[in-house]
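**Q** A predicted structure for the sequence below; I have some questions about it.
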Amino acid sequence: MSAPQRIIASFNQSLPRSPSGTFLFLRLVSPYRTLARSLSVAFPPAFAINRLAMPRNQRKTREQKWKEKPRPETSSPVSVVPSTVVAEAVTSKLMGLSITECSGDSRTAIPVSQAGGFHTLNQNQTSGQKTIWKPRSYSTAGGAISLEAENVSARAGEIQANHSQASASEANSQSLSKLFRAGLEGFSVDNSTYTRAQVRATFYPKFENEKSDQEIRIRMIEMVSRGLATLEVSLKHSGSLFMYAGNEGGAYAKNSFGNIYTAVGVFVLGRMFQEAWGSVAAKKQAEFNEFLEKSHMCISMELVTAVLGDHGQRPREDYVVVTAVTELGKGKPKFYSTPEIIAFCRRWRLPTNHVWLFSSRKSAASFFATYDALCEEGTATPVCRALDEVADVSVPGSKDHITAQGEILEGLVARIVSRESAKHMEEVLEEFPVTPNDRANLDLGPSLREICAANRSDEKQQIKALLNGIGPSFCPNLSDWLGNEAGDSHSRNADRSVVSKFLQSQPADYSTMKLQEMIRLMREKRYPAAFKCYHNFHKIDSISNDNLFYKMVIHVHSDSTFRRYQRDMRYNPGLWPLYRGFFVDINLFKANKERAAEFTNGRPNMIESTNENGSANSKDDLADEDANLMIKLKFLTYKLRTFLIRNGLSILFREGLPAYKTYYLRQMKIWGTSSGKQQQLSKMLDEWAAYIRRKCGNKQLSSSIYLSEAEPFLEQYAKRSVENQALIGSAGNLVQAENFLALVGVGRDEEGDLVAEREAVPPSPVPNARDSILKDEGLIVFFPGIPGCAKSALCKELLNVPGGLGDDRPIHSLMGDLIKGKYWPMVAEERKRKPYSIILADKNAPNEEVWRQIADMCRRTKASAVPVIPDSEGGYSNPFSLDALAVFMFRVLRRDNHPGNLDKASPNAGYVLLMFYHLYEGKAC
């Protein structure tokens, strides 16, 4: 039995009854890591806890099982909601943290959420409380029917016909819903069941560099100077990820599809074709879609537009820039090199980005020196001019950032590429010269902004207007957005069992086998990710009881998942990378004996062939750290708008100026902003805070249109002095976007992702956790652990994370080693002084007496408590294993200058840890 289970059981028996307090259980993942899954337990009248009972006289029996005691049917739901709601919000925020252990000169970053997904002890209680996205119905508007007095009788037949047509559509919808539902329910997995999975769209894998930015820079310069690689730098346009795989393959945002974001992307991409090809645009659009489908390819773009909400600057034009081209035919996805991307784009007259190549030590070092000189005041014009001077090769983009977007530059992306890139680039530029647009004076019809402005009733209306406006050559099928065109009202969400049946079925090809391997690993290790499945309307004519089609979205919830998956790839190099923007088509089907024999006999040859294809270009091996060295370099003029102004709005309006000041000072400290700029920014941001609070009162300014207020303020502030002008970078020329903003559904983020959506669960009346946390309650986070379990490092990271735990309550940490006198009474006093705050009790809490004190604090000050418990398999009579104890001792003996004097200089450090270990003896319940 693991440490969390044993300690929770001990809590269960030792805690007194209390009328209002609530405990929520978190556990740390393995002694080597630091935070993870949430165990949410509600204590009945006292603490609304579901008591777990295991007879003590059965300890020596092998078949020990936990039994849940029956609870009254009339238990109030009110006592349950706060515990699960707070647990979900707190743990979801903790998932993205990382902890740095410092010992002497060594520094090791330990991801906090390395244990993966959240789960609960009482699934029946919590599963129904997760908020999910309820899909919009896909019924088509019939339109209003006006009846004129003089021809009522003449129209009676027409009305009856329309009614009959609507009835037929409804009947068709019901039949389709039954087909989807019955198809999966009746589909059983047996020896004849096979599955074929095909990647439909994907972006580059997210390789998290475990080195510091400075270490990455040094390594990049070293590789270039030794002639092993070339440094490639490109502009980072400020927009959203958009992927397109053809009108059959689909259009996708980062983790979603079939919404206003992808509709805008399709329209803008189609408009790019119209501007580039003029009178033959429709023909070229059809050829392009056919080419993508036949070649099974996907293009990824940065979608830059003023209709989807504000980033750092409202662009002057709505456009896309191609950032990746991917072949998805056989085996692992193959990403084109930058010269190949430029060749592809010039063939189809698609917009390209500005790229610089640095192939010598001098030029590479000059690039980083140039960025360092411009990082706090740089805008597009001086940055591009400076890079042109120091680069060995400069390839201007077909979409000029200054003309299309403006002067505010988000940043630069630097990465290591093949040493042959410069030579390859010269060949491409010579073979594919820039072709002028053939637009002439053609009337292209209403623009994106005009269509959005003219269709303001709802998101669905805007989607239909945009897709119809781009024409049938580019978008002949609206099913991904509107479902079945007959007007079905069924959900496009498929049952969760699709993933289980996919994993149970035999793979029909090598790619399917590798995708199954990836998903199994992520599910087994409970990585924070969802595998969301939807009905594939493109295959509606092929669906039968023995042949089912779905779209799967692999949605990674935390960046820590990418880091942990990278470690798995080191131990298993055959694993496919985990991609950003990951969409897969799934086919579940039954195969007869002859077809099954073909799959079985052809698999060895297929694997061999695929491996040969995958190893043809070793320099692009995505599991190689050096081949994937990448660093993002952002500019302060962009960050002050997005991070400091936009992202600080919620803190400013909910917590006030002191909390906002703490937030922006912490951000600048993390960025390493110079002291001079910190002083200038502090003065400007304080003035901004006073200005916007005075103008808006208590009504928070919407982040999607924050530039409507921020840009005029920045423009006036910049006019006061040359210093202010340099600080702001560029202001003025504001694009008025309020009248043409796209209507984004509730609960979506800036990439179009469904914020509240995880894996599909049954509908529940319980609201979203972030919206339901009771702001008039406090929270105590405490640690039933042993010295060396990294509690202080975790508390430090929690204090540094932007936005706290996500619910805007202030966070305070009390470190036991720095407090003279009795610790827990001081925590109680702090709770009285700040009843709405979150207190991190940075002290080991190993016994029932401490737990009772915390319970009493919760009852008296209206708070919840969250024990953070290290995950350990435990021994026979102790919830912590000897392996865990050894790791804790190792950490303690590496410490220097510990405030509690428990470090390598302590003569009895090991003995102290043994005493703590003994305090948990017998806590196995």
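**A** It's in.

**Q** pLDDT at residue 439, what is it?
**A** Residue 439 carries a pLDDT value of 60.

**Q** same question but for residue 796, I mixed them up
**A** Looking at residue 796, the pLDDT reads 81.

**Q** now swap in residue 65 and tell me
**A** pLDDT recorded at residue 65 is 40.

**Q** Could you do residue 240 as well?
**A** 92.

**Q** Over to residue 170?
**A** 49.

**Q** Walk me through the domains of this structure.
**A** When the chain is parsed with automatic domain parsing, its domains come out as 1-17+45-80+779-925, 181-204+491-628, 637-728.

**Q** Okay, residue 394 and residue 386: tell me how far apart.
**A** According to Cβ to Cβ, to the nearest Å, residue 394 and residue 386 sit 11 Å apart. Yep, even glycine has a C-beta here, placed from its N, CA and C like the rest.

**Q** Those two: which has the busier surroundings?
**A** In terms of neighbours (other Cβ atoms under 10 Å), residue 386 is the more surrounded of residue 394 and residue 386; the figures are 18 against 15.

**Q** Cross-check the contact I'm expecting between the more buried one and residue 372.
**A** No: between residue 386 and residue 372 there is no contact under Cβ atoms under 8 Å: 11.4 Å.

**Q** quick one: secondary structure of residue 200?
**A** State at residue 200, reduced to three classes by DSSP: H, G, I helix; E, B strand; the rest coil: strand.

**Q** what secondary structure does the closest residue to it other than its chain neighbours sit in?
**A** Leaving aside its chain neighbours, residue 200 sits nearest to residue 583 (4.7 Å; criterion: Cβ to Cβ, 6 or more residues apart in numbering). In three-state terms, and counting by three-state DSSP, residue 583 is strand.

**Q** So residue 583 is in contact with residue 197, correct?
**A** No: Residue 583 is beyond contact range of residue 197, at 10.9 Å (criterion: Cβ under 8 Å).

**Q** Give the residues shared as contacts by these two.
**A** residue 552 (Cβ atoms under 8 Å, 6 or more residues apart in numbering).

**Q** Show me where the stretch 651-800 of the chain has its strands.
**A** With DSSP state E, counting those that start in this stretch, the ranges of strands along the stretch 651-800 of the chain come out as 778-783.

**Q** so residue 483 touches residue 537, yeah?
**A** Yes: using Cβ under 8 Å, residue 483 is in contact with residue 537, at 6.2 Å.

**Q** Can you report how many residues lie near residue 891?
**A** Neighbours around residue 891, by other Cβ under 10 Å: 20.

**Q** Check residue 445 too.
**A** 12.

**Q** If you drop the residues flanking it in sequence, what lies closest to it?
**A** Among residues not flanking residue 445 along the chain, residue 469 sits closest, at 6.4 Å (Cβ to Cβ, 6+ apart).

**Q** Look up phi and psi at residue 378.
**A** Phi and psi for residue 378, reported as degrees, to the nearest 10, are phi -70, psi 140.

**Q** State the distance from it to residue 717.
**A** Counting by Cβ to Cβ, the gap from residue 378 to residue 717 is 19 Å.

**Q** For these two, indicate the residue with more neighbours.
**A** Taking other Cβ under 10 Å, residue 378 and residue 717 do not tie; residue 378 has more neighbours (24 against 19).

**Q** Could you pull up the contacting residues of that one?
**A** 371, 409, 635, 637, 729.

**Q** Then residue 633?
**A** Residues in contact with residue 633 (Cβ under 8 Å, 6+ apart) are 371, 375, 411-414.

**Q** Help me confirm that it is found in a strand?
**A** Yes: the assignment for residue 633 is a strand, going by three-state DSSP.

**Q** Relative to residue 310, how far out is it?
**A** Residue 633 is 22 Å from residue 310, by Cβ to Cβ.

**Q** try residue 669
**A** Distance from residue 669 to residue 310, counting by Cβ to Cβ: 25 Å.

**Q** More neighbours: which of the two?
**A** Neighbour totals were compared for residue 669 and residue 310, and residue 310 leads with 25 against 11 (other Cβ under 10 Å).

**Q** Name the nearest residue to that one, sequence neighbours excluded.
**A** Counting by Cβ to Cβ, 6+ apart, the residue nearest residue 310 is residue 707, at 4.5 Å.

**Q** ok, residue 291 - how many residues close by?
**A** Neighbours around residue 291, by other Cβ under 10 Å: 13.

**Q** How about it, nearest residue that isn't a chain neighbour?
**A** Nearest to residue 291 is residue 297, by Cβ to Cβ, 6+ apart, at 7.5 Å.

**Q** now the one you found, which residues is it bridged with?
**A** residue 327 (DSSP bridges).

**Q** which residues touch residue 244?
**A** 201, 250-252, 265-266, 269, 292, 298-299, 301 are the contacts of residue 244 under Cβ under 8 Å, 6+ apart.

**Q** The same query, at a cut-off of 7 Å, please.
**A** 251, 265, 269, 298-299 (Cβ atoms under 7 Å, 6 or more residues apart in numbering).

**Q** out of the residues you listed, who's nearest residue 402?
**A** residue 269 (22.2 Å; Cβ to Cβ).

**Q** Identify the residues contacting the closest one.
**A** 244, 320.

**Q** let's go with 10 Å and repeat that
**A** Going by Cβ atoms under 10 Å, 6 or more residues apart in numbering, residue 269 touches 242, 244, 251, 285, 288, 299, 301, 303, 319-320, 322, 350-351, 470, 474-475.

**Q** same question, residue 283
**A** So residue 283 contacts 273, 277, 473 (Cβ under 10 Å, 6+ apart).

**Q** pLDDT score for it?
**A** 92.

**Q** do the same with the one 4 residues further on
**A** Looking at residue 287, its pLDDT is 94.

**Q** Pretty sure it sits in a helix.
**A** Yes: inclusion of residue 287 in a helix is indicated when three-state DSSP is applied.

**Q** what about it, how many neighbours?
**A** The local packing of residue 287 (other Cβ under 10 Å) involves 13 other residues.

**Q** Touching, it and residue 349? I think so.
**A** No: here residue 287 does not reach residue 349: they are 11.9 Å apart, not a contact under Cβ atoms under 10 Å.

**Q** lowest-confidence helix or strand of the chain?
**A** In the chain, the helix or strand scored least confidently by mean pLDDT, DSSP states H and E is strand 52-53, which has a mean of 32.

**Q** Now for residue 470: which residues touch it?
**A** 263, 266-271, 273-274, 285, 445, 448, 451.

**Q** any idea where the strands of the stretch 251-400 of the chain begin and end?
**A** 251-252, 297-304, 319-327, 334-335, 355-358, 393-395.

**Q** okay, residue 425: pLDDT?
**A** At residue 425, pLDDT is 93.

**Q** Excluding chain neighbours, give the residue nearest to it in space.
**A** In this structure, residue 425 finds its nearest non-sequential neighbour in residue 339, 4.6 Å apart by Cβ to Cβ, 6+ apart.
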